[in-house]
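Undergrad: Below is the sequence, then the predicted model.
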2 protein chains.
Amino acid sequence: MPVSIEDVAKKANVSISTVSRVLNSKNIVNQDTKKRVEEAIEELGYRPNVFARGLMLQKSNILALVLPDLHGEFYSEIIRGANLKARELGYHMMISSVDADDDGKDVLSTVSSPGLADGIIVMVSDMDSKIRKTLKKTNIPIVLLDGEVPDVKHDTVVIDQRMGADAMVRHILAGNETDRIIFIGGPQTNLDTIDRLAAYKQVMTEVNRTPINEDIVHLDYSYKTAFEYAIERVMEWSSVPTTIFAANDEMAAAIVDAAIAATLNVPQHLRVVGFDDTRIAQLTHPRLTTVRVPMADMGAIAVELLCKRITEENRPASKVTLQAEVVIRESCGSRLNGDQ
Amino acid sequence: MPVSIEDVAKKANVSISTVSRVLNSKNIVNQDTKKRVEEAIEELGYRPNVFARGLMLQKSNILALVLPDLHGEFYSEIIRGANLKARELGYHMMISSVDADDDGKDVLSTVSSPGLADGIIVMVSDMDSKIRKTLKKTNIPIVLLDGEVPDVKHDTVVIDQRMGADAMVRHILAGNETDRIIFIGGPQTNLDTIDRLAAYKQVMTEVNRTPINEDIVHLDYSYKTAFEYAIERVMEWSSVPTTIFAANDEMAAAIVDAAIAATLNVPQHLRVVGFDDTRIAQLTHPRLTTVRVPMADMGAIAVELLCKRITEENRPASKVTLQAEVVIRESCGSRLNGDQ
DNA sequence: CTGAAAGCGCTTACAG
DNA sequence: CTGAAAGCGCTTACAG
């Protein structure tokens, strides 16, 4: 039987009101009584019951983080960044994953009003995701990661995917103007892929090289699929000057490996760039030119926004856009040492 | 103002007791009343208040997972495995990280009795970790990952590191009997490193090759440190037949890269093996021979044990040992194609 | 099968 | 500065 506020009160010879006061350091308490109470708390090892407190305060100090998947470094960095910031601000973090077919009712309902979490950070990376509909019905503070849900009032933190992809395509063109550029994306409904592809199309069109359908392919972001796809095609690709613009590092790494398996030299016979700048980008040979997405920052900023929203319900919804920047390494023949 | 059980009761023309009964489907409720109540719940979008329920039931359906760090694939796999299983069993998961200097009081106290979480999974990977002391004082259900804390009654899930390391050293010796074998571990107080090193010493001693001090080095598990260390020494290492046994894949990858940077061939001029079988192991060239540690399983089983402990307080503490197995790839010259 | 009432452990006006 | 009391939203014996 855990010790309650009443036990403390008895031991310190005061009322529970007084104990509560020293606990919350609200109203002023006499120095001596305060000391007596604190000693009693210490001796008894008293910890306030979170539920009782939550019942009164309608606040749990818990934030929920809902991600589409918990797999891979991308998400683990978000979790890390969010967790650090949450602790800093005095919140705990709950975490859960919801895949695209899941409407997330399960997760959201337990977590949401009048629920466990004071607020919730949701990443909805797929356009068709059912959770988007569920979100509309929730009226707990929400921060959306990397995507927006229409008709929901919420704060948002996004990566400027378009700028990043735009800069990347220009970087490719700067080094190798005449290259055929093949875009290899994730699923068609994936929001990141949509943005990155849009930027690719736009820049290409701008330089009068409207992309043809054969140069746009959609895979599933995985190493395996990309490797299998690439191994069949690297020889053909390398027959004319070509750069592969993969929408994540995993696929880029797979393509590099497929090229190497076919005894091609990257970047000489084939150029490859990735996206995200996960650790994989530095483990390939040659290392990947890619676009850095500040994942940990994303998590941290989302937590920050959420906490602000929780304490200040009526502040206007804000949108934070994080820049993504091109990181030049060797897989594309960098401008620094590309002319050796 | 969220809708309460009272609102539902009014709408359905019953008492709150009855609403509670249909909610918890305990005692039998008349079909018609039940239906009426369910409709009211649906219409009002009623969700029971978690705190009120927790106050009564002394149960939150939340599990806490405390890891030494949230960085890297190793931990993200544990989180993933744990999270999946937790959802399956109807629990939510809270997550937090605690570093070795932190005594975790902060985390544990909020999370622990009479706290938020019904139980807690803790990974304590460092012998000196202060959290070990804090753990002794907690009397909430605990499952320990990958390490034990004396004097605490708890369930445990461990990897059989020793068997894994043992098998690995024998594998190295089987292919290259006369190789000098250098063990590169993490910090001296790291429990995994301790076990892996012990196995290395034992097998070496068994074959009458008691290791010398120069062949045992402690780094910090990171790619960077290992690369810097290796780049200075690869030439010397390769001057006699040598295998590097790194205590994780990160360091193994760094050593492979250092060797390549020195234009050495792996496994011909230098052999390298890793530990963990994280994804990195398949991204190096050559790919790493390593020891597979079932991380996701570890998370899932920990959750399972914890849930059993929560519901059956008096069951005897159990210890689940997961096997680690050698995965043969190319970095050590496999038996399959090592004699080309 | 159903309702009135006690109680879970807190916080917070309200008096004093 | 401090205490008695109400109340947060539930669950669960206890009567009926």
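TA: Okay, I see it.
Undergrad: got any ranges where chain A has weak pLDDT?
TA: Scanning chain A with the threshold set as pLDDT under 70 gives A:1, A:25-27, A:70-72, A:99-115, A:127-131, A:136-137, A:151-152, A:334-340.
Undergrad: How about the residues of it by DNA strand D?
TA: Contacts of chain A with DNA strand D, taken as CB under 7 Å from any atom of the strand, map to A:13-18, A:21, A:27-30, A:32-34, A:52, A:55-56, A:114. For the C-beta atoms, the positions are set from N, CA and C on the backbone; glycine is no exception.
Undergrad: Buried subset of the residues you listed as a PyMOL selection?
TA: In PyMOL, this line selects whichever of those come out buried by 16 or more other CB atoms under 10 Å in any protein chain shown:
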select buried, chain A and resi 14+18+21+29+33+34+52+55+114
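Undergrad: Tell me which of the residues of chain A next to DNA strand D fall in helices.
TA: Applying DSSP state H to the residues of chain A next to DNA strand D, the entries found in helices are A:16-18, A:21, A:32-34, A:52, A:55-56.
Undergrad: Cross-check those against DNA strand C and keep the overlap.
TA: Among those, the residues within reach of DNA strand C (CB under 7 Å from any atom of the strand) are A:16-17, A:21, A:52, A:55-56.
Undergrad: What segments of chain A are strands?
TA: Counting by DSSP state E, chain A has strands at residues A:62-67, A:92-97, A:119-123, A:142-145, A:155-159, A:180-185, A:216-218, A:242-246, A:271-273, A:290-292, A:319-322, A:325-327.
Undergrad: Show me which pair in the ones next to DNA strand C among the ones in helices among the residues of chain A next to DNA strand D is furthest apart.
TA: Farthest-apart pair in those is A:R21 and A:L55; separation 18.6 Å (CB to CB).
Undergrad: ranges for the helices of chain A?
TA: Going by DSSP H, chain A shows helices at A:5-12, A:16-24, A:31-44, A:50-57, A:72-88, A:105-111, A:131-137, A:161-175, A:191-206, A:223-231, A:234-238, A:249-261, A:295-311.
Undergrad: So which of these is nearest B:S96?
TA: helix A:72-88 (6.6 Å).
Undergrad: so what's the spatially most central residue of chain A closest to, chain neighbours aside?
TA: Geometric centre of chain A, nearest residue: A:I78, 4.6 Å, by CA atoms, centre = their mean. Once flanking residues are discounted, A:I78 sits nearest to A:G299: 4.0 Å by CB to CB, 6 or more residues apart in numbering or on different chains.
Undergrad: thinking again about what came up before, want to throw the strands of chain A into a markdown table with mean neighbour count and distance to B:H218?
TA: As requested, the strands of chain A are exported to a markdown table (neighbours: other CB atoms under 10 Å in any protein chain shown; distance: least, CB to CB, whole Å):
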| stretch | mean neighbour count | distance to B:H218 |
| --- | --- | --- |
| strand A:62-67 | 26 | 35 |
| strand A:92-97 | 24 | 33 |
| strand A:119-123 | 28 | 39 |
| strand A:142-145 | 25 | 39 |
| strand A:155-159 | 22 | 39 |
| strand A:180-185 | 22 | 42 |
| strand A:216-218 | 15 | 47 |
| strand A:242-246 | 27 | 38 |
| strand A:271-273 | 29 | 37 |
| strand A:290-292 | 26 | 32 |
| strand A:319-322 | 14 | 38 |
| strand A:325-327 | 19 | 32 |
